[in-house]
Every structure is written in C-alpha cells, then in structure tokens.
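J.: Need a 3D model of the following:
(6 chains)
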6 protein chains.
Amino acid sequence: MNKIEQNLWDIMIKSQFSNYITRGLYMSTIKQTIDESNSKVKSIYQDIRDSRKTNYIGNFWRYLAFDPLLLKSVWEDVKNLMVKDTVIDKKTKEMIYMAVSITNNCCYCTHSHTATAKKLGMTMKEHSEFLSIVALAAKTNQLVNGLQVPIDDVFDADKQD
Amino acid sequence: MNKIEQNLWDIMIKSQFSNYITRGLYMSTIKQTIDESNSKVKSIYQDIRDSRKTNYIGNFWRYLAFDPLLLKSVWEDVKNLMVKDTVIDKKTKEMIYMAVSITNNCCYCTHSHTATAKKLGMTMKEHSEFLSIVALAAKTNQLVNGLQVPIDDVFDADKQD
Amino acid sequence: MNKIEQNLWDIMIKSQFSNYITRGLYMSTIKQTIDESNSKVKSIYQDIRDSRKTNYIGNFWRYLAFDPLLLKSVWEDVKNLMVKDTVIDKKTKEMIYMAVSITNNCCYCTHSHTATAKKLGMTMKEHSEFLSIVALAAKTNQLVNGLQVPIDDVFDADKQD
Amino acid sequence: MNKIEQNLWDIMIKSQFSNYITRGLYMSTIKQTIDESNSKVKSIYQDIRDSRKTNYIGNFWRYLAFDPLLLKSVWEDVKNLMVKDTVIDKKTKEMIYMAVSITNNCCYCTHSHTATAKKLGMTMKEHSEFLSIVALAAKTNQLVNGLQVPIDDVFDADKQD
Amino acid sequence: MNKIEQNLWDIMIKSQFSNYITRGLYMSTIKQTIDESNSKVKSIYQDIRDSRKTNYIGNFWRYLAFDPLLLKSVWEDVKNLMVKDTVIDKKTKEMIYMAVSITNNCCYCTHSHTATAKKLGMTMKEHSEFLSIVALAAKTNQLVNGLQVPIDDVFDADKQD
Amino acid sequence: MNKIEQNLWDIMIKSQFSNYITRGLYMSTIKQTIDESNSKVKSIYQDIRDSRKTNYIGNFWRYLAFDPLLLKSVWEDVKNLMVKDTVIDKKTKEMIYMAVSITNNCCYCTHSHTATAKKLGMTMKEHSEFLSIVALAAKTNQLVNGLQVPIDDVFDADKQD
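T.: Sure, this is the predicted structure:
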C-alpha cells in the first residue's frame, strides 16, 4: 500500500466508514443500547464486567438491553450456567454451546462461544476434533432421517439400571 | 394384572405383536438387514462387536447395511472419532454429539448417544446441566435471530493474537 | 366389533397394553417422575394445578421434574409469559408458540400448544388461516435462502424514525 | 467528522461504493430484476404498489421476478393471506410470520416482517414480549427433544369433544 | 406362530387394534376427513385419483381436507409441479423433494416421496447414492457453519457472464 | 461516475479496502490457510485443481486446510460422490446438494453448488423449477408438522413388493 492509499485508508477508518459497515450492513431489528443511563442496565453491565473480568460488553447484551428485564433474566441464566463453576467444566460447557449454535446456524453465538472456548484453553487440535464430531453428527442425523431408522428398545431409560 | 391378562400378554409378547409395533409403526424407507451373510457387512459387524465389546448391533447399523460401502465409511468415521481415544475425552465427545442430535431433533441419535454417555459415566447432575445448556443455547440463538445482532469485531479469528 | 373382539379389547385396555404403547414406544431419555413426594416438585405441581385450574399435569412437567430447579425455572417462565395476563392476548401468544414449535418440528409442543389455543378460543377458521401463514412463511423463507436475497436498506431499525 | 472526511464520505456515497456493498457482499444466486419492461412483472409490481400503498418494491420481489409465474403465485398468496383482511388481524399475522422466519433463521424475512409489524402498530413492549415467547418456545422445544417427552393422550384431536 | 397366536392376531387385526395404533399413537391436531360428502373435497379427491391413477388417497390429503380451499391450492401446486411433465424429470423432482424433507426431518414427506421415487424407477443404487449426497451436504453445511467460511466472490451471479 | 469518483474507486479497489470487506465482515472462527507449504495440503489442492480443471481453490478448502486430515477426508468424499461419474448424473447431484444446503440455510454451500450446477448446464428454467419444488416441499413439510399427519401404512418399505 503506497502513501496515498495509506492516507485514504486512515481517513476511512477514522470516518463514519467502519461504523457504516458494521452497523449498516448487519442491520438489527432493534436499536442498539449505547448509553448506560438506565440503572437496571447499568448494574447488569457492571455484573457482566465483574464476572467476566473485562470492560467489553458484547453486542448481544447491547441489543438485549432494549428490554432490561429480558436482559437481566438471560444474563442470570448465562452467569449461573456458563460463568460460574458447575459440575461440567467451563471449556466443555462452551463446546456444548458451540455445538447447538453451529447446528442452529447462529453465526453470532458460534463466533462468541468459539472465542470464549479458545480463551478457556480449547486447543487447535480440540477445535478440529470438535468440528469433526459436529460434522459427523449432522451426517448421521441426516442418514437416520433418510432411512427412518426405528429406535432400539435397549435405549429405553426405563429399562436401564 | 390378573391371570387371564397375564396369559394374553405372554401370548402377545411371543406373537408377531412386538415385532409389529417396532417394525410396523416405525417404518423405514429401506428394509432392515438381518442376515449377516454379506462378507463385508459381517466383518464390519464383527469390528463393531469387538470395538464396543458387545454383541448387540444397533438398528442404525442394521439399516445402513443396505449399502455395505456406506456402512463401512460411516463406521470408520464413528470408530476413529468416537470409539478410539482422541484428544477430547469420550464422555465429552458423546455430549457434543448429543447436542447436535437434540438440536437437529434426531430422536434416534439423541437416544443412542444419551445411552452411551450414561454408560461412559455421565451423571444425572451432568445430564441435567447439559440439558440446561442446550436449552439456553437454543434460546439465545433464537434471540439473536429475532434481534439480528451484529457480530462483534473482537471475535475475528484473524485478530486474535 | 363383535362380542369376542370387544372382550379382547377390554382386557387389553386394562392390561399393561396401553401402558406399553404409551411408555414403550415413546421412550424418553429420563425416567418419568410419578410420585410427588419431593416437596419442591409437589409445590410446583400445585402451582400448575392452581394457575391452570386443572388437576392434570402434562408429560413435559412429569419428565422435567427429574431436576426440580430446572422444572421450577421453566415453569416460572411459562407462567409469567403464557399463563398470566400480559400485553399480547393469550390466544395470540399460543399461536406464536405454535409457530415456533411447528417450525422446529417439535411434536409435543405443537400438540400441547394447539390444544391450549383451541381451549382459549382459536376457531377452526383461525387454525386453518394460521396453518396457511406458517406454511407460506416456510415457503418464502426457503425461496429467500435459494435466491440469497439481499436485505433492503429500508428495513434498518436505526433508520426508522 | 471533519471537512475532508465529509467530502470523502459524500463522494463514496455517490459513487459505486454503496452499491458495491449492498450488491457485492450480499450476493444472490439470480440477477436482480430492475427494469420492469416485462408486462407480467410490471402488472404485479403495480398490484404490489396499489395494495401496499407504497412505491417501494422490496428485494424479495425484485429477485423473484426472474420467474414471473413464480412471482405471481407467491404474491397472490401473500396478498390474500397477509395484505387482505381475514379472520386473524394483520399485526398478529405478521407476528406469526416473524416467529417462523426467526426460527428458520431467515434474516430477510425476519427484517421485512418485523418492519411491517411495527408499521401495523406492534409496540416496543409487544415486540419484547414476542421475542421472549419465541425464545422460550425454542428453549422448551429443545428440552422436549433432549428428554424425548412422550405426547399426552389428552392432546388427541379426536378425543376433544 | 402357533395356532392360538394366529387366532389372536387375526382377531386383533380385525378389531379396533390396528386402528388404535395408527390413529391413537400418531395423533393429529385436526380430525381426519373420511367422508367425501363435501363437493369441493370430493372433486379434488377425484382429480388426485385420476391424475395419479390410483384409488388411494394419502393421509396428507385426508387431513388437509379440513380446509377445502387450502387442500385445493396445495394439490394444484403439487399437481402442476410434481405430477405433470415439466422441464425436470419426475424421478429427479421427487429426489429434490426428498432432500428437503429429510433435511427438515419431516417423516411423512420423507416416506411418501421416497415411495413415489421408487415407483418412478429410483433404483437401490440411486437411493443409496442419494442418501450419501444428502448426508455429505449436511456434513459440509455444518463445517461451514462451524468455520464461518466467507463466500467466494466468484460465486456472484452478477459476475457470471 | 465522474473522474474524481473513478480515481477514488480505483484507489480503494487497489487498497486494503476490498480485502477488509471480504475478510473483515465475513469473519471466520479459524484463520485462512493461504500458503501451501504443508505438503499434505499442497497435494490435495493439486488434486482439486486437476479433478476440477481449474486453478481456483474455494474458501471452503482454504479454511478446512487448518486440519489437513479433515481436509483430505472431506475432499475424498466430495471427489468420489460429486466430481466422479456415478449412477446419478452430475447436474442432478448438484441440485440434490443445493436442496439440502438451502433447507439448512447454508449460504456458502447454496452459492457454491448453485454456481456448479449452472456450469454443469442447469438452465434458468430448471433453476426456477427447482426453486419452486424446494419451496413447495418446505411448505408441505410445515403443514405436516402443523397437522401432525400420521404416516400411511402403505409407505412401509417392508410391505413394498
């Protein structure tokens, strides 16, 4: 990139440009909540920041804030299940969340939970194996649907033990 | 159940009855392969029995056997990814498989992989937490779809380290 | 049906038969909770009975009871959103629930929410029109996917007033 | 934004730039129909304009026009079900359409029907409650799939009076 | 099966039994239309019988008949697209229909269109290859979702000649 | 576009701009593999180039290359099923692949397989008819889900012939 290109680029980056791309193309059905003047929103954002030890509030929470009660209830669920220590370890929990999000083709959740799983230590090799499993599962799900395979009696929970 | 009911029941169980229910109601698009005279099928079934240390061959493999090559390729994938020791532990792998199958609403795979996960030590508490996570993931996937939340720039893999 | 058929039928109905069909064929991954000795479960079931003015507890709640906390949290959500009076009228709320359940191919929820919508006054004509709308939506969703239609700028929430 | 940035922005907006973003990124599998010289397309577009009391023709119709017969049949369905007065009120019909589109993760239809529902009077509070319902439905659908809950006999339409 | 079992079986088949299984377990949300006294329904059923050269009316049409107008419009679509000769040959059209139905996990449509494709000459080998393709497609769809692969510019319809 | 706009445009095209749009907006969860120094990746890419008689390597293969073994196994499947001559003709195979990808709402696969089908001779009229079929299938799938239509006994594979 030569000098004039660099200048152009710098101007664009500083201008409305990047904003236009991020906001204009990925349009939402609800306006983003940027100011944190609502006290309910503010305290939830504070809890997110404290619990996650980061200043960054993701877009999901920025948009959900249009309804502070919904924001609160979803955050409580996420906090209790995903952020707190529970019986399943955190990395595994993120991989389960990823599996659902990938299968539902939810780009946002696939991105955010993949990023979190990486932060929690998911290695390249684990990521790769994980992707192979979710791909194989989708393949056999589809074969079962195509063949209409009857369920084996032995899988019955009432007959186990 | 009185004597006459018991007799009736015994007769039904021994008659075509249970067969009718299992095969008649859960109809398949392909006839089940019961005899194992095909040498390719036979050797794959032997491998399944050896690898899984069980005599039982599930319906999925019984139906897939209509095409021995497809049977072989799917079994190889399942064996290498799910049965063999790999970087992700077996119980976690089954839970990832369950997550995809539940989200795809594949009853057969949900049943078979839940049963396997239980055998591999998934506790009631883990099962319950797992179900809470897959339910929460589906809920937030749906919220993201409804809100059309734009993806945060920070999730970009190319920008991570 | 002649006399001997009628007798046979009566015996079958009284025998394990109907139980076998309902429980045996539609196998679950978790055992059903029948006794209500758990005090948490008991008090939630009481609340369901009181709120819905019925003695009947549906299978969903019977199975969810394996985890009293999950049962409680799901029932609270359903009660607050669906059973209580809110800004959207009850019949409409059930039709929205039906639309999601039909699209997700969830037989149980399709059945239970269709039954509730009927009880709340959904007429045959409304049911028929509803089904025509959900079918048309699925059709145009599919066309959009096939054509990969770009989203119109005018739909941007940030540009609406 | 300073002067030079503003000038740059103005030039970009007037240039191919916005076109490139809208058309280039959201690529379609079929070329858009812009000219309305085809008499069939023209008369359908006129009908859309008249029925909806707007001059704007959305991208869905612009792309569907590659096959005038398909365009006509889809528009007839939408007009008869969604635009005309029927037994379900218009706002409710749009919310049912939204529920299917969100569940199918169809961004285009989610955007267009959310925008229409807002025009028809869907308030922020209704939108929020609607989103809570579709999210709860997806959650319970997923729980039912995970538990494989058997359907209650009482839901049988043939047994309801 | 001995004599007494055979007798029992014969009685069961003639009794309400098979009816109970088919109707009782696969419950519908709408009652089946059995009598053809409605003149609209009657004439559509006659057209189905004539066009398909069979006396049999499938359950889909039996249930759709609760709304004669919807029945008529869906049958017209099926007749014009699937039954009549068009540019794509009939067997291929059924396989496309199967692919969608399998992916949507619609058991009824998977069964009915697989049966029709077989009648139209789909061989065991074609069926097997078809199933391998739909399984592979689901697998790569899932990988794309997991990786979030960006779309290549070369796929743009507007850039193809 | 006047002279100054043209200059601006030329600079932007040559700058990081188009790269930013393609890479920045459609973020992936894995970094793209651009260099082909890995010998396994190199030989697979050579095979793709040879088999498809093109120099172009699509993004799917570029991203899948993060795991050379997964890349190899997926390419082998695609090559054997889709690129080689088999019992189903190539154009039909692509249309089956398209049907699954559209139903799964996989934008990438919809684009790539539509482009391939066109190259293999899919006409505008066939494309249009194909889209009408996949849309109709989705519509009737949804109706079946809404009505919960029981499966006809005559579809049973075990009862055919």
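J.: contacts and neighbour counts: CA atoms only from here.
T.: OK.
J.: Downstream of the worst-scoring helix or strand of chain A on mean pLDDT, the next helix or strand is which one?
T.: None of the helices or strands of chain A scores lower by mean pLDDT, DSSP states H and E than helix A:17-19, at a mean of 47. Helices and strands here follow DSSP states H and E; after helix A:17-19, the next one along the chain is helix A:39-52.
J.: And for that next one, what's in contact with it?
T.: A:36, A:55-57, A:65, A:68, A:71-72, A:75, A:79, A:83 (CA atoms under 8 Å, 6 or more residues apart in numbering or on different chains).
J.: Give me the below-cutoff pLDDT ranges for chain A.
T.: Low-confidence segments of chain A (pLDDT under 70): A:1-26, A:156-161.
J.: Quick check: longest helix in it by residues?
T.: What stands out as the longest helix in chain A, according to DSSP state H, is helix A:124-147.
J.: which parts of that one are buried?
T.: A:126-147 (16 or more other CA atoms under 10 Å in any protein chain shown).
J.: Distance across stretch A:93-113, terminal residue to terminal residue?
T.: Stretch A:93-113 has its terminal residues 10 Å apart, counting by CA to CA, to the nearest Å.
J.: residues in contact with that stretch?
T.: Outside of stretch A:93-113, the residues within contact range by CA under 8 Å, 6+ apart are A:82, A:114, A:116-117, A:130, A:134, A:138, B:95-96, B:99-100, B:103-104, B:130, B:133-134, B:137-138, B:140-141, B:144-145, B:149-151, B:155-156, D:105, E:142, E:145-146, E:148, F:28-29, F:105-106.
J.: Does residue A:82 touch residue A:90 like I think?
T.: Yes. Counting by CA atoms under 8 Å, residue A:90 is a contact partner of residue A:82 at 6.7 Å.
J.: can you pull the contacts of residue A:34?
T.: Residues counted as contacts of residue A:34 (CA under 8 Å, 6+ apart) are residue A:62.
J.: What distance do you get for it to residue D:133?
T.: Applying CA to CA, the value for residue A:34 to residue D:133 is 25 Å.
J.: Equivalent analysis for residue A:40, please.
T.: In terms of CA to CA, residue A:40 sits 22 Å off from residue D:133.
J.: and the residue positioned nearest the centre of chain A, backbone torsions?
T.: Centroid-nearest residue in chain A, with CA atoms, centre = their mean: residue A:109, separated by 2.6 Å. When read as degrees, to the nearest 10, the backbone of residue A:109 gives phi -70, psi -30.
J.: From chain C, how far out is residue A:151?
T.: Distance, residue A:151 to chain C, using CA to the nearest CA, to the nearest Å: 9 Å.
J.: Checking that residue next. Helix, strand or coil?
T.: Following DSSP: H, G, I helix; E, B strand; the rest coil, we place residue A:151 in the coil state.
J.: I figured it was touching residue B:62, is that so?
T.: No. When contacts are counted by CA under 8 Å, residue A:151 is not listed as touching residue B:62 (11.4 Å).
J.: Give me the more crowded residue out of these two.
T.: Between residue A:151 and residue B:62, residue A:151 has the larger neighbour count (other CA atoms under 10 Å in any protein chain shown), namely 24 against 19.
J.: got a list of what that one touches?
T.: B:26, B:59, B:107-108, B:111.
J.: cool, and residue A:149?
T.: Residues near residue A:149 by CA under 8 Å, 6+ apart: B:26-28, B:59-60, B:63, B:108.
J.: mind running it again at 6 Å?
T.: Neighbouring residues of residue A:149 by CA atoms under 6 Å, 6 or more residues apart in numbering or on different chains: residue B:28.
J.: backbone phi and psi for it, please?
T.: Per-residue torsions, residue A:149: phi -70, psi 130 (degrees, to the nearest 10).
J.: same question, residue A:105
T.: When quoted as degrees, to the nearest 10, the phi and psi of residue A:105 stand at phi 60, psi 40.
J.: what's around it, how many residues?
T.: Applying other CA under 10 Å, we find 24 residues neighbouring residue A:105.
J.: same question, residue A:83
T.: Here the number of neighbours of residue A:83 (other CA under 10 Å) works out to 17.
J.: Look up how far residue C:69 lies from it.
T.: From residue A:83 across to residue C:69, the span is 18 Å (CA to CA).
J.: Now do the same contact list for residue A:143.
T.: Going by CA under 6 Å, 6+ apart, residue A:143 touches residue E:135.
J.: mind running it again at 7 Å?
T.: Applying CA atoms under 7 Å, 6 or more residues apart in numbering or on different chains, we find residue A:143 in contact with E:131, E:135.
J.: do you know how far it is from residue E:91?
T.: According to CA to CA, residue A:143 and residue E:91 sit 20 Å apart.
J.: what do you get for residue A:90?
T.: Taking CA to CA, one finds residue A:90 at 50 Å from residue E:91.
J.: and what of residue A:112?
T.: 43 Å.
J.: Repeat that for residue A:135.
T.: 29 Å.
J.: Could you do residue A:122 as well?
T.: For residue A:122 relative to residue E:91 (CA to CA), the value is 47 Å.
J.: same check, this time on residue A:45
T.: According to CA to CA, residue A:45 stands 57 Å off from residue E:91.
J.: Looking at those two, which is more packed in?
T.: Legend: neighbour count by other CA under 10 Å for residue A:45 and residue E:91, higher for residue A:45 (22 against 19).
J.: Get me the contact residues on chain A for chain B.
T.: With CA under 7 Å from any CA of the partner chain as the criterion, chain A comes near chain B at residues A:26-30, A:58-60, A:63, A:81, A:87-88, A:92, A:96-97, A:99-101, A:103, A:106, A:108-109, A:111-112, A:115, A:126, A:133-134, A:137-138, A:141, A:147-152, A:155.
J.: What subset of those residues is buried?
T.: Applying 16+ other CA under 10 Å to the residues of chain A next to chain B flags A:26-30, A:58-60, A:63, A:81, A:88, A:92, A:96-97, A:99-101, A:103, A:106, A:108-109, A:111-112, A:115, A:126, A:133-134, A:137-138, A:141, A:147-152, A:155 as buried.
J.: Neighbour-wise, which one of the contacts of helix A:39-52 leads?
T.: That'd be residue A:65 among the contacts of helix A:39-52, by other CA under 10 Å, with 25 neighbours.
J.: Would you list the phi and psi of that residue?
T.: Torsion angles, degrees, to the nearest 10, at residue A:65: phi -70, psi -10.
J.: so who does it touch?
T.: Per CA under 7 Å, 6+ apart, neighbours of residue A:65: A:33, A:41, A:71.
J.: Kindly recompute the last result at 8 Å.
T.: A:32-33, A:41, A:71.
J.: who wins for neighbours among those residues?
T.: Most neighbours among the contacts of residue A:65, by other CA under 10 Å: residue A:41, with 23 neighbours.
J.: Please report how far that one lies from chain C.
T.: Counting by CA to the nearest CA - residue A:41 and chain C are separated by 20 Å.
J.: How much space separates that residue from residue A:74?
T.: Counting by CA to CA, the gap from residue A:41 to residue A:74 is 12 Å.
J.: Can you report how many residues lie near residue A:35?
T.: Applying other CA under 10 Å, we find 9 residues neighbouring residue A:35.
J.: Dihedrals phi and psi, it?
T.: Dihedral angles for residue A:35 - degrees, to the nearest 10 - are phi -80, psi 150.
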